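In: Provided below for reference: sequence and predicted model.
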Amino acid sequence: MKNKKKLIVISGPSGVGKGAIIKSLLNNVKTLGLAVSATTRPQRAGELDGNDYYFYSQANFDEAVKNGAFIEWCHVHGNRYGTLKAEIDRLNNLSKIGLVEIDTEGANKIKQSFPEALRIFIAPPTLAILEERLKKRKTESWEEIEKRVNHAKVELNEIEHYDYVIINDTILDSSKEIEKIIKKSFNL
């Protein structure tokens, strides 16, 4: 498969608005398709295998790693997550551009497999605003928020490895800005 310009990588700190921006992009740019990740974490109630994630046993994940099935894979919070080559092929065969939401470690690994992938980093206006957004979600403890803000500092040091950095002041403005970048980059 020719890799050139068939993959978009979106990264950014937890709480920056990646999910909402990606949802907007998928609704507005019909040539995009979200790549479903594989994971060893247990399936949660309401999640569908092949839709939310591909749920792998440890042994199946080991076999996939051994067979070179992943573009990248990483350990995250005691589980493994990976982007399958076959998932990107599936999307490209549907004439879709694969869209991957991934952390900076995974993005750096993808850069090795797909050096011409379009890489976009979504950053908060400030760390204080990111912290406020995390608090408003009311989904993490204070300790977890502090951990995520500290991790955001590490991730922000990686922005030089991205083609574009978008400061997410508002979901609408950020989505429109990324939409323009995608349309220009892929001649859509």
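Out: Structure received.
In: isn't Trp73 right up against Leu84?
Out: No. Look at Trp73 against Leu84 with C-beta atoms under 8 Å: they stay out of range, at 9.2 Å. The C-beta positions use only the backbone N, C-alpha and C, and glycine is treated the same way.
In: which residues are common contacts for those two?
Out: Counting by C-beta atoms under 8 Å, 6 or more residues apart in numbering, the shared contacts of Trp73 and Leu84 are Ala38.
In: strands of this structure, residue ranges please.
Out: 7-11, 32-34, 38-39, 54-55, 70-76, 79-84, 97-101, 118-123, 164-167 (DSSP state E).
In: in its sheet, what does the fourth one sit against?
Out: In the sheet, strand 54-55 lines up against strand 38-39 (parallel) (DSSP bridges).
In: reformat the strands of the chain as a markdown table; add distance to Asp62.
Out: A markdown table is the format used below for those (distance: least, C-beta to C-beta, whole Å):
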| stretch | distance to Asp62 |
| --- | --- |
| strand 7-11 | 25 |
| strand 32-34 | 26 |
| strand 38-39 | 12 |
| strand 54-55 | 15 |
| strand 70-76 | 11 |
| strand 79-84 | 9 |
| strand 97-101 | 22 |
| strand 118-123 | 28 |
| strand 164-167 | 35 |
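In: most tightly packed of those strands?
Out: Comparing the strands of the chain by mean neighbour count (mean count of other C-beta atoms under 10 Å), strand 7-11 comes out on top with a mean of 25.
In: where does pLDDT dip in the chain?
Out: Where the chain drops to pLDDT under 70, the residues are 1-5.
In: recalculate using a threshold of 80.
Out: Residue ranges of the chain with pLDDT under 80: 1-5, 76-77.
In: ok, which stretches of it are helices?
Out: Secondary structure of the chain (DSSP state H): helices at 18-28, 58-66, 85-93, 104-113, 127-137, 142-156, 171-185.
In: just the buried positions in the fourth one, please.
Out: Think helix 104-113. 104-111 (16 or more other C-beta atoms under 10 Å).
In: please apply the same query to the fifth one.
Out: Of the residues in helix 127-137, those with enough neighbours to count as buried (16+ other C-beta under 10 Å) are 130-131, 133-134.
In: got JSON lines for these, with distance to Tyr162 too?
Out: Below are the buried residues of helix 127-137 laid out as JSON lines (distance: C-beta to C-beta, whole Å):
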{"residue": "Leu130", "distance to Tyr162": "17"}
{"residue": "Glu131", "distance to Tyr162": "22"}
{"residue": "Arg133", "distance to Tyr162": "21"}
{"residue": "Leu134", "distance to Tyr162": "22"}
